[in-house]
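Student: Quick one, what's the 3D model for this:
(one chain, ligands or ions: 1)
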Amino acid sequence: MNYTKNEVLLDVKDVSLRYDKPILRDINFTIRNIVRPGLDQGQVISLIGRSGVGKTQLFRVLAGLIQPDTGTILIGVEQQAVEAGQVGIVPQNYLLFNHRSIYDNLRLAMKHVTLESKEKDALIQDYAVKFDLTEHLKKYPQQLSGGQRQRVSIIQQVLTGNRFILLDEPFSGLDALMIDKVMDLLGRVATLHEWNTLVIVSHDVENSLAISDTAFILAREKDKEGATITETLDLIEMGLAWTPGIRENAHFQQVVSQIKHKI
Ligand SMILES: Nc1ncnc2c1ncn2[C@@H]1O[C@H](COP(=O)(O)OP(=O)(O)OP(=O)(O)O)[C@@H](O)[C@H]1O
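Tutor: Below is the predicted model of the structure:
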């Protein structure tokens with residue numbers, strides 16, 4: 001596979017968080033800009049851990065929504081400390097306004113984008129065609145299925161212009177067909193711009209690994225409190241990244257089963 005990993009896009013250093021007990025401990029990882037000749041290849045990273053391990057807290061820290069007790073999160077090529085609003089978030093209960101149409105929801109997402117009104121409209125129409133939403137633009141969120149709402153929610157974050165998008169459990173509550181659709185969508189979002197970086201927080205080992213170039217396993221170590229990164233999987237080096245149909249691959253299934261035993 002012909003690629004290089006260049007500048008740092010996300011640097012998480014010594015992050016810890018505690019409430020009445022330690023939740024996150026010594027979280028350290030770096031995401032670099034992957035460059036593939038002839039492609040706008042973005043980054044897709046998974047943080048995988050079992051229920052209750054601290055994924056949602058890490059999600060909130062990475063999004064700048066809560067301050068960790070120690071550590072720093074630097075984002076973008078400029079490596080600035082993360083602040084709420086700089087990172088697109090797709091939480092489990094998608095953030096859509098129910099009293100506004102899908103078009104208006106998307107339009108609202110572009111509030112701070114410096115484009116003329118006509119250009120914003122053209123961009124929405126363009127994304128709607130690209131991502132199968134044209135027939136839904138006039139509808140209201142409640143008239144859409146969960147999977148369709150999720151697609152709108154992801155596109156909404158793309159339209160804000162944020163290069164980083166954090167997704168909390170993007171596969172939960174979706175049937176197999178919808179999972180394939182969201183995988184396809186995420187893969188396409190990741191190739192819209194080389195700096196686009198998707199960070200998936202999930203307990204779903206198989207689907208998370210299938211879409212990622214890198215995965216970090218979040219778990220508790222024996223006799224230690226608080227979750228930390230216990231393993232890093234470089235799926236590119238393992239020959240398991242960027243391959244459609246990878247879930248059928250025997251080596252991939254072996255890796256999935258090993259990770260399921262470790263979390
Ligand atoms: N405000 C809080 N005060 C005290 N403890 C909290 C608070 N919020 C979360 N916790 C604890 O932090 C731990 C991690 O919670 P978190 O929601 O991050 O887990 P999770 O991995 O996202 O789980 P799930 O997949 O089930 O949502 C849990 O033990 C939880 O009880």
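Student: which ones are touching Phe97?
Tutor: Applying C-beta atoms under 8 Å, 6 or more residues apart in numbering to Phe97 gives the contacts Asp104, Asn105, Leu108, Pro141. C-beta coordinates here come from the backbone N, C-alpha and C atoms, glycine included.
Student: Next one: the first one from Asp180, what distance?
Tutor: Computed with C-beta to C-beta, to the nearest Å, the distance linking Asp104 and Asp180 is 29 Å.
Student: tell me the secondary structure for the most centrally placed residue in the chain?
Tutor: In the chain, the C-alpha nearest the mean C-alpha coordinate belongs to Val199, at 2.9 Å (C-alpha atoms, centre = their mean). The local conformation at Val199, judged by DSSP: H, G, I helix; E, B strand; the rest coil, is strand.
Student: Show me where the stretch 51-200 of the chain has its helices.
Tutor: Taking DSSP state H, counting those that start in this stretch as the test, the helices found in the stretch 51-200 of the chain are 55-62, 102-109, 117-130, 146-159, 176-190.
Student: Going by contacts, tell me the helices and strands next to the last one.
Tutor: Which is helix 176-190. Here helix 176-190 is seen to pack against strand 43-48, helix 146-159, strand 197-202, helix 205-211 when contacts are counted using 3 or more C-beta pairs under 8 Å, 6 or more residues apart in numbering; DSSP states H and E.
Student: returning to that earlier point: can you tell me which of the contacts of Phe97 are up against the ligand?
Tutor: Taking C-beta under 6 Å from any ligand atom as the test, the ligand is in contact with none of the contacts of Phe97.
Student: Relative to Asn93, which of the helices of the stretch 51-200 of the chain is closest?
Tutor: Evaluated with C-beta to C-beta, those place helix 146-159 nearest to Asn93, the distance being 9.6 Å.
Student: Measure how the closest one sits relative to helix 176-190, angle-wise.
Tutor: Going by axes from the mean of the first three to the mean of the last three C-alpha atoms, to 10 degrees, helix 146-159 is angled at 10 degrees with respect to helix 176-190.
Student: helices or strands up against helix 146-159?
Tutor: strand 88-90, helix 102-109, helix 117-130, strand 164-168, helix 176-190.
Student: among the ones you listed, which is the most enclosed?
Tutor: strand 164-168 (a mean of 23; mean count of other C-beta atoms under 10 Å).
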